[in-house]
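Engineer: Give the three-dimensional model of this entry:
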Amino acid sequence: MEDVVKIVRIVRIDRSRFLLPCFASLLIIVSSIALAQQPPPPPQPADVAGNWTIYAHDPEGGTSTKYIELQQSGTVITGHFKGPRQSGGLEGTINQQHIVFHTKTRYVLTFRGRVEGNRVQGRVEGTSITGTFHTRTGTGQWQASRPNSTAGNPPD
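Structural biologist: I've put the predicted structure just below:
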């Protein structure tokens, strides 16, 4: 009987020595799978901070030049707008390369567009923006460039 007790003790000791490394390995594998399935971080919004010149085809058929100064904090945009007939603040958002902002003026203008530029460390360094803008009288087209950039020229 003593021999049986010794064998049972040996089996218990061997089983605990075997189970601990197996449990640790299983834990490592499960953790690796969980980490591998994490979604990638969202892309950073394009960099649009600074001064821009807007060349616009107005809804009435004319053309105009407008100026914006943008400050950017993550996806939030604030700044100043200056047009031929009014000026004031502006606010909006940027989601990756899609920008939307509106003026805080008597006659609100809403601009929507896409930022283009070179990618630097995964972030688009905006050199031009094209899109549409909306006024109380209709919709127009616009293109913007930074004064020190050669990317933007007045639209045809």
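
Engineer: residue ranges for the strands of the chain, please.
Structural biologist: Here the chain has its strands, by DSSP state E, at 50-57, 63-73, 76-82, 87-95, 98-104, 110-120, 123-135, 138-145.

Engineer: Give the bridge partners for the closest residue to Pro59 other than its chain neighbours, please.
Structural biologist: Sequence neighbours aside, Gly138 is the residue nearest to Pro59 in space, at 3.1 Å (criterion: C-beta to C-beta, 6 or more residues apart in numbering). For the C-beta atoms, the positions are set from N, CA and C on the backbone; glycine is no exception. Under DSSP bridges, the beta-bridge partners of Gly138 are Thr135.

Engineer: tell me the pLDDT at Gly138?
Structural biologist: At Gly138, the model reports a pLDDT of 93.

Engineer: Mark out where each domain of this protein begins and ends.
Structural biologist: 1-38, 50-145 (automatic domain parsing).

Engineer: Can you say which of those is nearest to Gln44?
Structural biologist: domain 50-145 (4.4 Å; C-beta to C-beta).

Engineer: In the protein, where is pLDDT below threshold?
Structural biologist: 1-24, 26-27, 30-36, 149-156 (pLDDT under 70).
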